[in-house]
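A.B. asks: Structure, please.
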Amino acid sequence: MDKREESLPPHDAPTATIDDRGHDRDPAPREAETELDEDDRLKPEFVRDVIDLVEAGEDEAARERIGRLHPADIADLFELVSDEDRPSLARVLGDMLSPDVLAEMNEHVREGLIDLLAPEQVAEIASELDTDDAVAIIEDLEEEEQQAVLDAMEPEDRAAIEEALSYPEESAGRLMQREFVAVAEHVTVGDVIDRLREDRELPTDFWEIFVVDPMHRPVGTCQLSWIMRTPRDIAIGDVMKREQTLIPVDMDQEEVALRFQKYALISAAVVDRAGRLVGVITVDDVVHIIQEEAGEDILRLSGAGDGDINEPIRETYSARVRWLIANLGTALVASSIVGMFGGAIEHMVALAALMPIVAGVGGNAGTQTLAVTVRALAMNQLTDSNSWRAVFREIKIALLNGGTIALIAGTATALWFANPGLGGVIAAAMIVNIFVAGVAGVAIPLLLDRLDQDPAVASSIFVTMTTDSMGFLAFLGLAVASGLTTL
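C.D. replies: All right, here's what the predicted structure looks like:
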């Protein structure tokens, strides 16, 4: 792919800082800083001014104001304006709508803009991006559009994209860059330095080089700082570090992010099934994955779909309504239990007032345990070696919580209704339901994980059904068993 050349900064140049998207930001004062608030977000008045200029046909004035922004901020501008204003804004920007801007853009917003471009334009944009960013743009296109874009690309670029698309979604193969520096073990440091200076086809940004054997399998890595501090006549094999973290090409991106986090990696080699070096993943790519995966499980627990405010309404509706229908089905279980004790409730109306308290507190206790368990599973903190310890830990916590809440609820109920027996019943029901909630909150996601199912997707439905059903059953059943009421 085409590589952008960049010159070294002068010796006294200020040190660059990194923004939350992993891009360099010049610390020197920028005109664009007046358009950003204290949280580095575009000010609402700036967004309104730009749209007013576009609507008034003052294209040059709009381009001048937008041109002072960082590509990541231009991407934010597109996400902040309405769907109706985005095509006009893209038209005004013209060639300022660069590949870097598209690479930073929300995927739903980007899809809408890509639909406005001809396949040749998309191909040209993709050719200027690193492979992973180009794949992110092309993979979301419809099959016919995708093929049209690939046909318009240069053979070398098309081959790289097609290879990446052959790997599973959200895998290391989709995430990796194919631009890296690899050298043989026997070459000298001087040879490496000369190549880095002379080869214009090398990637622009990298932190280490990979040392490979004759079969192109990685045998070590060498940071650029080590190369610069080593005499030219020393073999690279004497400088490199042989221990390295290798990423299988089909590894899930969440597992990739966990490895980067665990071993504090800046970059890592990606290998195919034969162990050959085929790409590299860098920390700036992983930062996005960590952010996505961190929110993904929480959104799945709530059934909110992607949880993206730029997601089309139809897709959001489809994701959420399925979840609500499933909840409706499980709610019928709890409803049927209440129906079994209809006569008891008629004889003692206070039961109807207290039932939601038992179920609600149990549900919250189950949600607490569920959230902790799903996070532990996602972070690989919960495995076969400590799963039983985690279960017993949650049982202890549930008993402590149950005892505390039971004492408070039982005392308050006994005093409010002047009925010690009713206070004892709700106290016992609280202990039972919070205990069940603790066990269900850890056991259900563990079971789903053992069955190779995503525990974040279905756990909350089953935990809610369990706590509601057991809460009603324990409370109403104990009320009948104690003689407070009859069926």
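A.B. asks: Now do Leu447, the pLDDT please.
C.D. replies: Each residue has a pLDDT score; the one for Leu447 is 90.
A.B. asks: got it, and Glu64?
C.D. replies: In this model, Glu64 carries a pLDDT of 90.
A.B. asks: Could you list the low-confidence segments of the stretch 351-487 of the chain?
C.D. replies: 457 (pLDDT under 70).
A.B. asks: ok, which stretches of it are strands?
C.D. replies: Remark: no strands are assigned in the stretch 351-487 of the chain by DSSP state E, counting those that start in this stretch.
A.B. asks: per-domain residue ranges of the protein.
C.D. replies: Here the domain assignment for the chain is 17-167, 182-299, 313-481, based on automatic domain parsing.
A.B. asks: Give me the residue ranges of this structure where confidence is low.
C.D. replies: Applying pLDDT under 70 to the chain picks out residues 1-33, 291, 293-310, 457.
A.B. asks: could you redo the domains of the chain as JSON lines and give each row distance to Leu175?
C.D. replies: (Glycine included, C-beta is placed from N, CA and C.) Formatted as JSON lines, the domains of the chain follow (distance: least, C-beta to C-beta, whole Å):
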{"stretch": "domain 17-167", "distance to Leu175": "6"}
{"stretch": "domain 182-299", "distance to Leu175": "5"}
{"stretch": "domain 313-481", "distance to Leu175": "18"}
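A.B. asks: With mean neighbour count and distance to Met176 added, can I get the ones you listed in TSV?
C.D. replies: As requested, these are arranged in TSV below (neighbours: other C-beta atoms under 10 Å; distance: least, C-beta to C-beta, whole Å):
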stretch	mean neighbour count	distance to Met176
domain 17-167	16	6
domain 182-299	16	3
domain 313-481	18	21
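A.B. asks: So which residues of the stretch 201-350 of the chain form helices?
C.D. replies: 224-228, 253-263, 283-302, 313-340, 342-347, 350-378 (DSSP state H, counting those that start in this stretch).
A.B. asks: Mind putting the ones you listed into TSV with distance to Phe462?
C.D. replies: Shown next, in TSV, are the helices of the stretch 201-350 of the chain (distance: least, C-beta to C-beta, whole Å):
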stretch	distance to Phe462
helix 224-228	51
helix 253-263	23
helix 283-302	12
helix 313-340	7
helix 342-347	26
helix 350-378	10
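A.B. asks: can you tell which of the ones you listed is closest to Ala428?
C.D. replies: Closest of the helices of the stretch 201-350 of the chain to Ala428 is helix 350-378, at 10.2 Å (criterion: C-beta to C-beta).
A.B. asks: The stretch 101-250 of the chain: strands as residue ranges?
C.D. replies: Using DSSP E, counting those that start in this stretch, strands in the stretch 101-250 of the chain cover 182-184, 208-212, 218-223, 246-248.
A.B. asks: would a markdown table of those strands with distance to Val192 be doable?
C.D. replies: Shown next, in a markdown table, are the strands of the stretch 101-250 of the chain (distance: least, C-beta to C-beta, whole Å):
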| stretch | distance to Val192 |
| --- | --- |
| strand 182-184 | 6 |
| strand 208-212 | 7 |
| strand 218-223 | 8 |
| strand 246-248 | 21 |
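A.B. asks: Please report the distance of the nearest residue to Gly423 once chain neighbours are set aside from Gly483.
C.D. replies: Counting by C-beta to C-beta, 6 or more residues apart in numbering, Gly423 lies nearest to Ala414, which is 2.8 Å off, once chain neighbours are set aside. Here Ala414 is placed at a distance of 16 Å from Gly483 (C-beta to C-beta, to the nearest Å).
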